[in-house]
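Chemist: Compute the structure for the input listed below.
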Amino acid sequence: GRNEKNPGMIDIRTINGVDADKVKTRPKFEDLTPLFPDEKLELSTASDPANMTARIIDLISPIGKGQRGIIVSPPKAGKTSVMKTIATSIEKNHPEVKLIVLLIDERPEEVTDMRRTVKGEVVSSTFDRPSEEHTHVAELVIEKAKRMVEMGEDVVVILDGITRLSRAYNLAAPTTGRVMSGGIDAGALYPPKKFFGAARNIEEGGSLTILATALVETNSRMDDAIFEEFKGTGNMELRLDRKLAERRVYPAIDVDASSTRHEELLFNRQQLQMVWKLRRVLSGLAADGNAAPGLELLIDRLKTFKNNDEFLAEIAKQPTS
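Modeler: I've put the predicted structure just below:
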């Protein structure tokens, strides 16, 4: 062939594994109708009742197809373990879902560990790469996910993390000259918000679920400013607590601060009543701001039941105090 630096494309045969001719009739992502998530992604399984992370998330902040979830975590609170559990649980229980794990500005050994844990696609840009590469990789992943959703597929993207992606855009994007608190450029948050905002349940079929981690309590004003910007954009929040992790209570989930909007679409009516009853009890135990007693009680009680349905049935028998 010719010695071209960039060889010319002769023909396109498949796009995302689909015959190129079939893709011509694909609708545009922006034209699809977004709805609240109404089909639950079950994480817990009967074969692994000891998986407390999955069981607690299913009860406290359930994930639906099309969820836009934010996992808020201080350093060393077990965020990576929670993400791995979510990824492997989705693969096990929902083989119909296409899973993509996106690691931005991550340590190389963490990438290897994730690749060996997760069977799905793991895309990464490690911390020794330039910011432009971080942003480029993220854009490739989200555009690929959107094209799959246009074909009616259910896609889950797990991003670690939105804070580092926002920092990368802050360095890579052209400056607008307007600097917000924490030293972040006013225009730098638009692309990561566009990434996160792509998550939606589609009325016409298909869904894009995005679960992104956000760092807090890092003593960085920029990280705090980024979190504040993303705070109200998600419709599910899972908050991890450093004090619980220091006490070696795992999973270090702050039950009171974690929740899903419109959870009534993911539970049946009876389950919803029991979950609310459970929350009232746990909230009462965390009245002094210490989340440990409630979480320890929840874990101890869950261990005595094979699955969450049995646990909720037991709560139903308890008199309302």
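
Chemist: wait, isn't K277 in contact with K317?
Modeler: No. Judged on CB atoms under 8 Å, K277 makes no contact with K317 at a distance of 11.1 Å. From N, CA and C alone the C-beta is placed, and that goes for glycine too.

Chemist: of the two, who's got more company?
Modeler: Between K277 and K317, counting by other CB atoms under 10 Å, K277 is the more crowded of the two (16 against 6).

Chemist: The closest residue to E263 other than its chain neighbours: neighbouring residues, count only.
Modeler: Distances taken as CB to CB, 6 or more residues apart in numbering place P62 nearest to E263, at 6.0 Å, with adjacent residues excluded. A count of nearby residues for P62, using other CB under 10 Å, gives 23.

Chemist: Now do the SS call for P62.
Modeler: Here P62 takes the coil state, with states given by DSSP: H, G, I helix; E, B strand; the rest coil.

Chemist: That one contacts E264, correct?
Modeler: No. The criterion here is CB under 8 Å, and P62 misses it with E264 at 10.5 Å.

Chemist: in the protein, what secondary structure element scores lowest on mean pLDDT?
Modeler: Least confident element among the helices and strands of the chain, by mean pLDDT, DSSP states H and E: helix 20-23 (a mean of 81).

Chemist: Which other helices and strands does the following helix or strand past that helix contact?
Modeler: Going down the chain from helix 20-23, the next helix or strand is strand 34-35, by DSSP states H and E. With contacts defined as 3 or more CB pairs under 8 Å, 6 or more residues apart in numbering; DSSP states H and E, strand 34-35 has these neighbours: strand 200-202.

Chemist: Direction included, what does the strand it packs on pair against?
Modeler: strand 34-35 (antiparallel), strand 207-215 (antiparallel) (DSSP bridges).

Chemist: any chance of the ones you listed in TSV, plus distance to L285?
Modeler: Listed next are these as TSV, based on distance: least, CB to CB, whole Å:
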stretch	distance to L285
strand 34-35	35
strand 207-215	26
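
Chemist: if you compare the ones you listed, which one is most tucked away?
Modeler: Comparing those by mean neighbour count (mean count of other CB atoms under 10 Å), strand 207-215 ranks first with a mean of 26.

Chemist: Check which helices and strands the following helix or strand past that one is in contact with.
Modeler: Under the assignment DSSP H and E, the closest C-terminal helix or strand after strand 207-215 is helix 221-230. Counting contacts by 3+ CB pairs under 8 Å, 6+ apart, helix 221-230 packs against helix 162-172, helix 190-197, strand 207-215.

Chemist: I figured E96 was touching V156, is that so?
Modeler: No. Using CB under 8 Å, E96 makes no contact with V156, being 10.8 Å away.

Chemist: And these two? Which one has more around it.
Modeler: More crowded of E96 and V156, by other CB under 10 Å: V156, with 27 against 8.

Chemist: pretty sure the more buried one is touching T88, no?
Modeler: No. With contact defined as CB under 8 Å, V156 does not reach T88; the gap is 12.0 Å.

Chemist: And for whichever strand or helix holds R239, what's in contact with it?
Modeler: Element membership for R239 (DSSP H and E) is strand 236-239. Contacting residues not belonging to strand 236-239 are listed as 57, 60-63, 67-73, 82, 253-254, 257-261 [CB atoms under 8 Å, 6 or more residues apart in numbering].

Chemist: before we move on, what about stretch 164-179?
Modeler: So stretch 164-179 is contacted by 104-106, 130-132, 134-135, 138, 159, 184-189, 191-192, 195, 215, 222, 226, 229 (CB under 8 Å, 6+ apart).

Chemist: Phi, psi for the residue nearest to E263 please.
Modeler: Note on P62: backbone dihedrals following degrees, to the nearest 10 are phi -60, psi 150.

Chemist: Against R164, how distant is it?
Modeler: Counting by CB to CB, to the nearest Å, the gap from P62 to R164 is 27 Å.

Chemist: Then I10?
Modeler: Taken as CB to CB, the span from I10 to R164 is 39 Å.

Chemist: Ok, K5 next?
Modeler: From K5 to R164 the distance is 33 Å (CB to CB).

Chemist: Low-confidence bits of the stretch 51-200 of the chain, can you list those?
Modeler: Along the stretch 51-200 of the chain, the model assigns pLDDT under 70 to no residue.

Chemist: Nearest residue to the middle of this protein?
Modeler: For the chain, the residue sitting closest to the mean C-alpha position, by CA atoms, centre = their mean, is L211 at 1.3 Å.

Chemist: Good, wrapping up.
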